[in-house]
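In: need a 3D model of the following:
(one chain, ligands or ions: 2)
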Amino acid sequence: MRPLLALALCGCASAPPATAENNPRKPTADDAKAFVARVNEDLKRLFVKSSTADWIKNTYITDDTERNAASANEELLGYQARATKTAAAFKELPLDPDTARMLYLLRISATAPAPEDAKKRLELTTLAAKLEGHYGSAKDKKGRDLQELSALLRKSRNHDELLDAWVGWHETAREQRPRYQRFVELANEGAREIGFANMGDVWRSSYDIPPDEFEKETDRLWAQVKPLYDGLHCYVRAQLQQQYGKERIPEGKPIPAHVLGNMWAQEWGSIYPLVEPYKGVASLDVTKAIVAQKWDPVRMVKAGEAFFTSMGLDPLPRTFWERSMLVKPRDREVVCHASAWDVQFDDDLRIKMCIRPEEEDLVTIHHELGHDYYFHAYYKLPALYQGGANDGFHEAIGDALTLAMTPAYLKRLGLLEEMPDNPKAVINVQMKDALNKVAFLPFGKLIDQWRWDVFNGKTAPGDYNKAWWALRTKFQGIAAPVARSEQDFDPGAKYHVPANVPYTRYFLARILQFQFYRAMCQAAGHKGPLHQCSFYGSKEAGARLWKMLSMGASRPWPDALEAMTGQRQMDGGALLEYFAPLQAWLLEQNKGLSCGW
Ligand code: X8Z
Ligand code: ZN
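Out: Residues are numbered from 1 along each chain as shown. Ligands and ions are numbered 1, 2, ... in the order given. Here you go, the predicted structure:
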C-alpha cells in the first residue's frame, strides 16, 4: 500500500534541492532534471520510513504506534510540501517529458497535503492516525467488532437483529465527527498552500485531465451503467418485499440499508439466496465448500497466487509468506480492513487481512494480490513512477481476475459442482455477479461526491449526515433504517472516510476491470459470450497484463489503457456486454412493477 497520506520526500538530514530562493541563478531544465532525480531518492527513503511505521500501527493499534506513525508521516508530508513549492519554479521551463511528468505526479500525489506550519502538520497526521485507529478498534455497546457485526449482516434474516447490528456499528462513528472536521480544515489549508482550491481539487487533478472534466467523465460513466443498476434495484426490492413484507420494504421507496447483506449496502452478494432467479438449478455456494473442505487462509491465498502464476507471472516472494498478516491476531487490536503493501518499496510484498473462510474473502484476496503484482511489476522504477496508471487501474487488476473465476474455474478448484449448460443457470450466475459488481456502482461514485462537497465547503459540518443520506438515496436508492440526526456521523462508519482513502478509484475500477477482462479474454483467444471467458492459464493474457503493469505511472493513463485494451477511454461498454443476458432478463421480470424511488 502507498502511504495513505502522501507521496513525499525527505525533509530530514539532507539539504533541500536547489531552488530559485536559495540560488540566485535562474533555474534551468537541467536543474529540474537533477531535482526530480534527487526527489526520487529522498522519496524512497521517507516512504520506507513512513510505511514501516504505518504497517506497525495497522497491525498493532496502540497510542504509541499511532504517535510513531504520525511522526513519520509528519516528516514525509513536510518535505513533500516544500518540494512541491520548490518545483513551482520549474513551471515555465521547456522540460523533457519524464521530468514534466514527475513534477506533475509530485504535485498531485498527496492525498492529504499538509500545512507549512509544523505544529499543524503534526496535528493533521495525529488526527489521521487516530481516525484510522478508532475505526480499526471500534466496538459497539455490546462489545461486538466490525467482523462480528458484518457476519450478522451477511447471514441473519431476522429484521430486528439486522437493525440492531446496523445501528450498533454506526454509533461507533459518532465521536469521529470533530476529528474529521478538523482534519478537513487542516488538509484544505495544505492544499491551498500548494495552489489547489481544496483537497478534493487535488484528488480530482490526478487523472491527466482538468478536474472538472474528470468529474464529467465519472458522470458519463455512471449514466452508461445506471439503467442496469435501476433494473437490479427494482428486482431486488420486489424480492425483499417477499422476505420482509411491504411495510418494511415499501413500494416505490428507497430500500432500507440494513437488509442488503452488507454494512454499507455496497455489495449485495450475501442476499443471493433471497433473490435467486431459478431455485434448485445448481448451488453457487462457494463458502459452503470452503468451510466443508477446511480451506485455511494460506490455502486461500495460494489459490489466488496460483491464478497469477498460471498466467506466467512470478510466484510471490518468500518474504510475503513470512511478513503478511493473514489472520486476526487474538491478542491485539489491528485494522482488519484488507490492504496490500510493498513496505520497503523493494518487492517487500505483503497483504494484511483478517481472512475468514468465506467466498467474499477469496475474492478480496485476489483483489489484494492484484495490488501486489502491480507493485512487483514497477518496483524498479523511480519512486514517483511507482503507482498505477491511475488509482482506478490499481484497484481493477485483481478484480479483473475475479471475473475470470467462472463456475467452470471454481469447479476445477473443487469449490462448485458442475453447472448445467442452460439459460437458467446463466441468469443465476449473472445475478450473483451483478449483486456484487453492479450494486456497487452508485456507492463507488457517491462517497467522493460527498467528500468533494465537504472539502469545497458546499456541505457545512452541520450538514454532514444530511448530505450523506441525500446522496445515498439519490444514487443508490437506499435509506437509513432509523431516523438519523447530526449527532450521527454515518460517513465515518465506512473505512475510507476515517482512513482518508479516495474512493472514486473503486468506481473507476468497476468499469475498468471489465475492459481489462475483455482484453485478456481476447488475448487468450476466447470465442463466445464474454461472461463465459476465463483466461486462467493463458500466458498471452498474462503478457498483456504485465505490459501494462510494468509501465507503472510513467505514462498518462490513456496510454496504459491502450497498451492493454486498444481503447483510450474508460468505457462501460464491456460491463454492459458482460451483463447483456441479465439486463434483458431483468427487463422482462420488472414488467408491471413500479420501479424507482
Ligand atoms: O477497500 C477495498 C479493498 C482494499 S483497497 C479491500 N475495497 C473497497 C471497499 O472495501 O469498500 C475493495 C472494494 C471496494
Ligand atoms: Zn484495493
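
In: which residue would be the closest one in the stretch 251-400 of the chain to ligand 1?
Out: Residue of the stretch 251-400 of the chain nearest ligand 1, by C-beta to the nearest ligand atom: Ala338 (4.0 Å). Any C-beta I mention is one placed from the backbone N, CA and C, and that applies to glycine too.

In: any idea which element whichever residue of the stretch 51-200 of the chain sits closest to ligand 1 lies in?
Out: Closest to ligand 1 within the stretch 51-200 of the chain is Ser150: 10.9 Å, counting by C-beta to the nearest ligand atom. Applying DSSP states H and E as the criterion places Ser150 in helix 146-155.

In: and what of Pro178?
Out: helix 177-193.

In: quick one: pLDDT of Pro17?
Out: Pro17 is assigned a pLDDT of 54 by the prediction.

In: which positions in the protein make contact with ligand 1?
Out: Contacts of the chain with ligand 1, taken as C-beta under 6 Å from any ligand atom, map to 266, 338-339, 364, 367, 506.

In: try it again at 8 Å.
Out: Residues of the chain found near ligand 1 (C-beta under 8 Å from any ligand atom) are 1, 264, 266-267, 337-340, 364, 367-368, 371, 395, 399, 440, 444, 494-496, 501, 503, 506, 509.

In: just the ones of those in strands?
Out: Counting by DSSP state E, these place 339-340 in strands.

In: quick one: contacts of stretch 541-556?
Out: Under the contact criterion C-beta atoms under 8 Å, 6 or more residues apart in numbering, stretch 541-556 has outside partners 98, 101, 105, 208, 308, 310-313, 373-374, 376-378, 381, 384-389, 393, 397, 516, 519-521, 523-524, 535, 559-561, 563-564.

In: dump the helix holding Ser150 to CSV, restricted to CA.
Out: The C-alpha coordinates for helix 146-155 follow below in CSV (Å, rounded to 0.1, in the frame of the first residue of the first chain):
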residue,chain,number,x,y,z
LEU,A,146,-17.0,-4.9,12.8
GLN,A,147,-16.1,-8.5,11.8
GLU,A,148,-18.8,-9.9,14.1
LEU,A,149,-21.4,-7.3,13.1
SER,A,150,-20.7,-7.8,9.4
ALA,A,151,-21.1,-11.5,9.7
LEU,A,152,-24.5,-10.9,11.2
LEU,A,153,-25.5,-8.5,8.4
ARG,A,154,-24.4,-11.2,5.9
LYS,A,155,-26.2,-14.2,7.5
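
In: which elements pack onto it?
Out: Helices and strands touching helix 146-155, by 3 or more C-beta pairs under 8 Å, 6 or more residues apart in numbering; DSSP states H and E, are helix 159-171.

In: on that earlier part again, and the pLDDT for the residue of the stretch 51-200 of the chain closest to ligand 1?
Out: On the pLDDT scale, Ser150 gets 98.

In: am I right that it is in contact with Gln266?
Out: No: judged on C-beta atoms under 8 Å, Ser150 makes no contact with Gln266 at a distance of 11.4 Å.

In: can you check the pLDDT for the residue in the stretch 401-550 of the chain that ligand 1 sits nearest to?
Out: Across the stretch 401-550 of the chain, no residue is closer to ligand 1 than Tyr506, which sits at 4.3 Å (C-beta to the nearest ligand atom). As predicted, Tyr506 sits at a pLDDT of 98.

In: report the contact partners of the nearest residue to it once chain neighbours are set aside.
Out: Closest residue to Tyr506 apart from its sequence neighbours, by C-beta to C-beta, 6 or more residues apart in numbering: Gly444 at 4.5 Å. For Gly444, the contacting residues are 266, 503-504, 506-507, 509-510, by C-beta under 8 Å, 6+ apart.

In: could you redo the last one with a cut-off of 6 Å?
Out: Contact analysis of Gly444 by C-beta atoms under 6 Å, 6 or more residues apart in numbering lists 506-507, 510.

In: and what of Arg101?
Out: With contacts taken as C-beta under 6 Å, 6+ apart, Arg101 has no neighbouring residues.

In: let's go with 10 Å and repeat that
Out: Residues in contact with Arg101 (C-beta atoms under 10 Å, 6 or more residues apart in numbering) are 36, 95, 208, 384-385, 553-556.

In: surely Leu362 meets Val291?
Out: No: Leu362 is not in contact with Val291 according to C-beta atoms under 10 Å; the separation is 11.7 Å.

In: out of these two, which sits in the more crowded spot?
Out: Each of Leu362 and Val291 has its neighbours counted (other C-beta atoms under 10 Å); Leu362 has more, 23 against 13.

In: pretty sure Tyr135 sits against Leu146.
Out: Yes: Tyr135 sits in contact with Leu146 when judged by C-beta under 10 Å, with a separation of 8.3 Å.

In: which residues does the spatially most central residue of the chain contact?
Out: Centroid-nearest residue in the chain: Tyr506, 4.6 Å away (criterion: C-alpha atoms, centre = their mean). Counting by C-beta under 10 Å, 6+ apart, Tyr506 makes contact with 266, 391-392, 395-396, 399, 440-441, 443-445, 447-448, 496.

In: now, the residues you listed that are in helices?
Out: 391-392, 395-396, 399, 440-441, 443-445, 447-448 (DSSP state H).

In: could you identify the most distant pair in the residues you listed?
Out: Across the ones in helices among the contacts of Tyr506, the longest distance by C-beta to C-beta is 18.5 Å; it joins Asp399 and Asp448.

In: okay, buried residues for the helix holding Ser150 please.
Out: For helix 146-155, a neighbour-count test (16 or more other C-beta atoms under 10 Å) marks 146, 149-150, 152-154 as buried.

In: cool, and stretch 131-142?
Out: 131-138, 140.

In: make TSV from these and add pLDDT to it.
Out: Output for the buried residues of stretch 131-142, formatted as TSV (pLDDT from 0 to 100):
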residue	pLDDT
Leu131	98
Glu132	96
Gly133	96
His134	98
Tyr135	98
Gly136	96
Ser137	96
Ala138	98
Asp140	98
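
In: let's see which of these end up in strands.
Out: Per DSSP E, the subset of the buried residues of stretch 131-142 in strands is empty.

In: which residues in the stretch 251-400 of the chain form helices?
Out: Here the stretch 251-400 of the chain has its helices, by DSSP state H, counting those that start in this stretch, at 272-275, 286-292, 297-310, 318-323, 359-378, 391-403.

In: relative to Trp169, which of the ones you listed is closest?
Out: Once those are compared by C-beta to C-beta, helix 359-378 is nearest, at 17.0 Å.

In: if we can go back for a sec, tell me which two in the contacts of Arg101 are the farthest apart.
Out: The widest separation within those (C-beta to C-beta) is 17.9 Å, between Val36 and Asp208.

In: name the residue in those two with the higher neighbour count.
Out: Just comparing Val36 and Asp208: by other C-beta under 10 Å the higher neighbour count belongs to Val36, 26 against 17.

In: name the element the nearest residue to that one once chain neighbours are set aside belongs to?
Out: Spatial nearest neighbour of Val36, chain neighbours left out: Met102 (4.4 Å); criterion: C-beta to C-beta, 6+ apart. Using DSSP H and E, Met102 falls within helix 97-108.
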